[in-house]
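> Got a predicted structure plus its sequence, pasted below:
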Amino acid sequence: MNFKQNRNDVDALLAAHFSGFGKQVQGWRKEFDLHQCVKIGNFIPHALQADLHKEARRLLAEKAERRNVKIASTGNTPRSYRSVGRDAIRATGLVTPALFHSDTLLMLLSIIAGEKIYRIPYAPEEYIINNQCGPGDTHGWHWDDYTFALIHVVESPNPLSGGRIEYIQNVIWDKMNSEKCVKKALENRLITSMHVQSGETYFMKTNTTLHRISPLTEDSNRIAIIYSFASEDDLTDPSIEHATMEVIYPTDTAAHLVQSLGKEIS
């Protein structure tokens, strides 16, 4: 279906779609509580999903930048992929931002999380699009700044070609000793590995779950849209910083800083 999306359109579609989930929601709630991660196969309605996927591919073709960095704050783990930052998405995207601003989406995620969740107060991290496409491309081991992330997989590689979600739950991010923290977790803790197919979505508690997207082993394609959301505690937590984002998305984060300083001066 092709139609111009606005926030009311998206909210109405989601409300109608989510009303059909019924008792499945409580199952997702239990799964999330147990594993801090839950995969949902039919989370985005098909009519909306077609436009969302088309938009993601267009934005990647027009606005993607290559990221090849190691992040000191997560133990010098690598980021190697193509990506579109929040500001480029917001400039010409319709469906992707509308999903982030959907009250219906927030309500359902709050039920699954077992607590009220909020839109994050840091614009550059609201939503991004990532694309692993060649051998060695990876989103290395890391934690997120905010408590929750919703990830929709637009395109998934063959499960034998890498690009799997790997995670270790209940690992506290020791920012003063991040390399040692990652090493200790990998050596002593159970790693869960999960393949998410094209069109599937997963919801994760990302601030205490050490996680990565495993490296691709051949030319392939993994496209994902990542949305970040906050817990109530996040909104007043002074320890939250954005060092990772500042390295990976310097343009977006610098623009946000300028805007923030301008508001303070005015």
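That came through, no problem. What you see is a predicted model, and the numbers here were worked out from it, not measured in a lab.

> what about residue 165, neighbour count?
Neighbours of residue 165 under the rule other CB atoms under 10 Å: 21. For every residue, glycine as well, the C-beta is placed using N, CA and C.

> before we move on, what about residue 243?
When neighbours are counted by other CB under 10 Å, residue 243 comes out with 14.

> And for the closest residue to it other than its chain neighbours, the neighbour number?
With sequence-adjacent residues excluded and distances taken as CB to CB, 6 or more residues apart in numbering, residue 243 is closest to residue 73, at 4.4 Å. By other CB under 10 Å, the residues close to residue 73 number 19.

> Using the three-state scheme, assign residue 228.
Under DSSP: H, G, I helix; E, B strand; the rest coil, residue 228 falls in the strand class.

> which residues does residue 170 contact?
Listed by CB atoms under 8 Å, 6 or more residues apart in numbering, the contact partners of residue 170 are 36, 208, 209.

> mind checking how far the first one is from residue 147?
Going back to what we said before, that points to residue 36. Separation of residue 36 from residue 147 (CB to CB, to the nearest Å): 10 Å.

> The second one too?
Relative to residue 147, residue 208 is positioned 8 Å away (criterion: CB to CB).

> which of those two has more neighbours?
A side-by-side neighbour count of residue 208 and residue 147, using other CB under 10 Å, places residue 147 first with 25 against 15.

> My guess is that one contacts residue 209. True?
No - with contacts counted by CB atoms under 8 Å, residue 147 stays clear of residue 209, the gap being 9.8 Å.

> Any stretches of the chain with poor pLDDT?
Where the chain drops to pLDDT under 70, the residues are 1-5, 262-266.

> tell me the centre residue of it?
residue 226 (2.6 Å; CA atoms, centre = their mean).

> what's near enough to touch that residue?
The contact partners of residue 226, taken as CB under 8 Å, 6+ apart, are 127, 128, 129, 130, 149, 150, 151.

> now residue 56
Counting by CB under 8 Å, 6+ apart, residue 56 makes contact with 96, 129, 154, 223, 225.
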